[in-house]
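Trainee: Please find the sequence and the predicted model below.
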Amino acid sequence: MSEPIVTVRGLSVDFHTRDGVVKAVQDLDLDLHPSRTLALLGESGSGKSVTAQAIMGLLDSPPARITAGSVRFRGVDLLQASAAERREANGGGISMVFQDSLSALNPVYTVGGQIAELLRVRRGMSRRAAWDRAVELIDHVRIPAPARRAKDYPHQFSGGMRQRIMIALAIALEPSVLIADEPTTALDVTVQAQIMELLLDLQRENGMGLMLITHDLGVVAEVADDIAVMYAGRVVEKGGVHELFADPAHPYTRGLLRSVPRVDRADSTLWAIPGSPPNLLDLGEGCAFRERCDTAVGVCAVERPALARPVADAGSRLAACHRSEEVVHGRA
Amino acid sequence: MDAHEVVLSVQDLARHFPVRGAGLSREKPVVRALDGVSFDLRKGETLGVVGESGCGKSTLARTIVGLERPTSGRVLFRGTDVHRTSARQMPALRRQVQIVLQDPYASLNPRRTLRDALMQPFEIHRDLLPRAKRMARVQELVELVGLNPDHLDRYPFQFSGGQRQRIGIARALSVEPEVIVCDEPVSALDVSIQAQVVNLLQRLQAELGLAYVFIAHDLSVVRHISDRIAVMYLGRVAEIGSGHDVYASPAHPYTEALLSAVPVPDPARRGMAGRRLLAGDPPSPVDPPSGCRFRTRCWLATEACAAVEPLLGGVHPSTRAPHHVACHHPLTAPELVTSTKDF
């Protein structure tokens, strides 16, 4: 495999709230490779969006505080970078597509104007050249009649078309990494399929590393190469998409896979993970998943399992579970 | 009791909304959110309703329970028109058809405890239960939906999303309805919590003999819970039939396209299902296309589709179960009977 373009090591993010310190992300390691898609999979509150915002330098501080770790991109630790280095990296190096395209776009400027402004400021293009390039980009994300649509305002687009505009903005400076935070969650399945197809085509064209943040196992199964499953602020399992779906090594991953109904078959009852995610204010000792886990034993309450290769597993996958070897072999 | 008795009958139901600020022209434009939908719901059955946003799913839900007045058509509960009943009979009728909404947080008063929220239905329907028995019933409801009875004095913000949806379900159940309309009941929930709520709805149905109209944009969840499925497009039903028939052998091109867009959570099957990508978005419900409403996005459309609107009708070719499809060129069933109506 090629050298990673983004390397995250030991990232920890706290949020200081009135009720105490929320440990949103703890000791997180990630590698993102060119031309590959890494899915960050997790439920709400698992820390996946905070991770993306930390990489992009978008966290508001306070309340957020990055307490440890590094985010290396092209030899620079972005967490220590100067404002100028950070500005250079954002957009041109690492770019991001957000879930809510209506609030991410400025309602009082045309979409073409917003893309052109970016090109004028960051690439020093002339007004005319920037506008022409904006129209090209709008065409590139497959919006019909781009020259006319460039003059429209965000509210004149449907949700799916607006998400395409967001993608046009994100790729305008030709980034080598694209982070997409739930890019299709608010969209219909028909439009979701179009947007995912577009993202993968763009990746094939220019070899971007794509980090896809999602809670949708179906989307992950269809597009991801690598997966990191997050639970309560930590990566609990990491590996290639095929091995992870075929033989999950963490009981949480296994529970998630069992609990989704599938359109291609009918089951009588769904498997349900009992309970709800833990309170991040008070995680205590031991494994954060133990209270919802069907394989937890005594040690799970006292010792937090480290992310490690399940013994006797031939693959490259890592899991944070005391019983991962039994889970992966279907013995627990 | 006859398992096939029809509890709810929706007949040619339409709900149009005037377009705001549409000028002074004589002909006022309208949004045809719901434009002629018919189906029967039998006792203890689940009818799933799927379709893209804007297809009229939620307007259907709101019109069935009486939150919207129909522009035309009728909703009959056991033969009585829900919208044209006398003021005296109305509360009793409303009680029979309840709704569970997507976001229970928005429908709960933040200043009232769980106890208050569950007592409220009995204050509205005073004759349902004598005051002395109400508290016991609230306890029973809380346990029925799997909430902790010790939490009766908590406020909505103290509950998680899944727990709030359980409160919404308990409230709907409190007045002992026969029909519950579920409008995107699990869409706002996390995957691990979705399964809990879906299982709860299924258990309650088995125990209490409830009939559900289950509306969702997640086609996998709908398949899992439904006996029959209606696929809606631009205010109309494109196809309706048994869950198995609709999913295994869709007859309407729109159904096929919709199903093929659903990602299957199995990487081993990646790229195996021939995916049919639909281009663009649905047309505006203010001015739907002539003839078949789907023809502007359909790869099988012919001149006939623009001229003549296809109507529902027919049986499934292999299972012989009633399977209706509104299409001139149905996919799986060349012998499928479709009737047409000239305009």
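Mentor: Looks like it came in fine. Please read these numbers as outputs of a predicted model, since none were measured by experiment. Residues are numbered from 1 along each chain as shown, chains lettered A, B, ... in the order given.
Trainee: Give the residue spans of the stretch 201-332 of chain A that score low on pLDDT.
Mentor: Scanning the stretch 201-332 of chain A for pLDDT under 70 picks out A:265-267, A:311-314.
Trainee: now the one residue in it that gets nearest to chain B, what's its secondary structure?
Mentor: Using Cβ to the nearest Cβ, the closest approach of the stretch 201-332 of chain A to chain B is made by A:Gly218 at 3.2 Å. Every residue, glycine included, has its C-beta placed from N, CA and C. Assigned by DSSP: H, G, I helix; E, B strand; the rest coil, the conformation of A:Gly218 is helix.
Trainee: how close does the nearest residue to it once chain neighbours are set aside get to B:Ala257?
Mentor: Nearest non-adjacent residue to A:Gly218, counting by Cβ to Cβ, 6 or more residues apart in numbering or on different chains: B:Pro263, 3.2 Å away. Distance of B:Pro263 to B:Ala257, computed by Cβ to Cβ, to the nearest Å: 14 Å.
Trainee: and the residue of the stretch 1-150 of chain B found nearest chain A, how many residues sit next to it?
Mentor: Using Cβ to the nearest Cβ, the closest approach of the stretch 1-150 of chain B to chain A is made by B:Glu52 at 4.2 Å. B:Glu52 has 22 neighbouring residues, counting by other Cβ atoms under 10 Å in any protein chain shown.
Trainee: now A:Ser35
Mentor: Every residue meeting other Cβ under 10 Å relative to A:Ser35 is counted, giving 14.
Trainee: likewise the one 5 residues further on?
Mentor: Neighbour count of A:Leu40, defined by other Cβ under 10 Å: 27.
Trainee: swap in B:Ala106?
Mentor: Neighbours of B:Ala106 (other Cβ under 10 Å): 10.
Trainee: close to chain A, is the helix or strand harbouring it?
Mentor: Using DSSP states H and E, B:Ala106 sits within helix B:104-107. No. Using Cβ under 8 Å from any Cβ of the partner chain, helix B:104-107 stays clear of chain A, with a minimum separation of 13.5 Å.
Trainee: Can you name the residues that contact the residue nearest to B:His151 when sequence neighbours are not counted?
Mentor: Among residues not flanking B:His151 along the chain, B:Leu114 sits closest, at 6.1 Å (Cβ to Cβ, 6+ apart). Applying Cβ atoms under 8 Å, 6 or more residues apart in numbering or on different chains to B:Leu114 gives the contacts B:Val142, B:Leu147, B:His151, B:Leu152, B:Asp153, B:Arg154, B:Tyr155, B:Pro156, B:Phe159, B:Ile167.
Trainee: Which of those ranks first by neighbour count?
Mentor: Neighbour max across these (other Cβ under 10 Å) = B:Ile167, 24 neighbours.
Trainee: Wasn't it part of a helix?
Mentor: Yes. B:Ile167 sits within a helix when classified using three-state DSSP.
Trainee: can you tell me how far it sits from chain A?
Mentor: Taking Cβ to the nearest Cβ, to the nearest Å as the criterion, B:Ile167 is separated from chain A by 14 Å.
Trainee: can you pull the contacts of that residue?
Mentor: Residues in contact with B:Ile167 (Cβ under 8 Å, 6+ apart) are B:Pro104, B:Leu108, B:Leu114, B:Ala117, B:Leu118, B:Val145, B:Leu147, B:Pro156, B:Phe159.
Trainee: Next, find the distance separating it from B:Thr113.
Mentor: Relative to B:Thr113, and taking Cβ to Cβ, B:Ile167 is found at 11 Å.
Trainee: one step back: in helices, which of the contacts of B:Leu114 fall?
Mentor: Under the assignment DSSP state H, those contribute B:Val142, B:Ile167 to helices.
Trainee: tally of neighbours for B:Pro285?
Mentor: 21.
Trainee: Would it be right to say that it lies in a helix?
Mentor: No. Using three-state DSSP, the secondary structure at B:Pro285 is coil, not a helix.
Trainee: tell me the secondary structure for residue 58?
Mentor: You didn't pick a chain, so chain A it is. On the three-state scheme (three-state DSSP), A:Leu58 is labelled coil.
Trainee: where does it land on pLDDT?
Mentor: On the pLDDT scale, A:Leu58 is placed at 88.
Trainee: got the contact list for it?
Mentor: Applying Cβ under 8 Å, 6+ apart, we find A:Leu58 in contact with A:Met96.
Trainee: again, only using 10 Å
Mentor: A:Ser49, A:Val50, A:Ala52, A:Ala64, A:Asn90, A:Met96, A:Phe98 (Cβ atoms under 10 Å, 6 or more residues apart in numbering or on different chains).
Trainee: Next step: those residues restricted to strands.
Mentor: A:Ala64, A:Met96 (DSSP state E).
Trainee: Nearest residue to the middle of the chain?
Mentor: You didn't say which chain, so I picked chain A. A:Ile213 (2.4 Å; Cα atoms, centre = their mean).
Trainee: think we crossed wires, I meant chain B
Mentor: B:Ile215 (3.2 Å).
Trainee: hey, what's that residue bridged with?
Mentor: Bridge pairing for B:Ile215 (DSSP bridges) gives the partners B:Val49, B:Asp183.
Trainee: how many neighbours does A:Tyr153 have?
Mentor: A:Tyr153, neighbours per other Cβ under 10 Å, totals 15.
Trainee: Please name the nearest non-neighbouring residue to it.
Mentor: A:Thr110 (5.8 Å).
Trainee: can you check B:Val30 too?
Mentor: Closest residue in space to B:Val30, ignoring its immediate chain neighbours: B:His16 at 4.1 Å, by Cβ to Cβ, 6+ apart.
Trainee: any common contacting residues for B:Ile167 and B:Thr113?
Mentor: Between them, B:Ile167 and B:Thr113 share these contacting residues under Cβ under 10 Å, 6+ apart: B:His151, B:Arg154, B:Pro156.
Trainee: So which of these are in strands?
Mentor: Using DSSP E, none of those sit in strands.
Trainee: Just the closest of the residues you listed to A:Leu173, please.
Mentor: B:Pro156 (44.2 Å; Cβ to Cβ).
Trainee: which residues of chain B score low on pLDDT?
Mentor: B:1-3, B:21-27, B:271-274, B:314-321, B:333-343.
Trainee: helices or strands up against the longest helix anywhere in it?
Mentor: Ranked by residue count, the top helix of chain B under DSSP H comes out as helix B:191-208. If you count contacts as 3 or more Cβ pairs under 10 Å, 6 or more residues apart in numbering or on different chains; DSSP states H and E, helix B:191-208 packs onto helix A:251-259, strand B:46-50, helix B:131-144, helix B:161-173, strand B:179-183, strand B:211-215, helix B:219-225.
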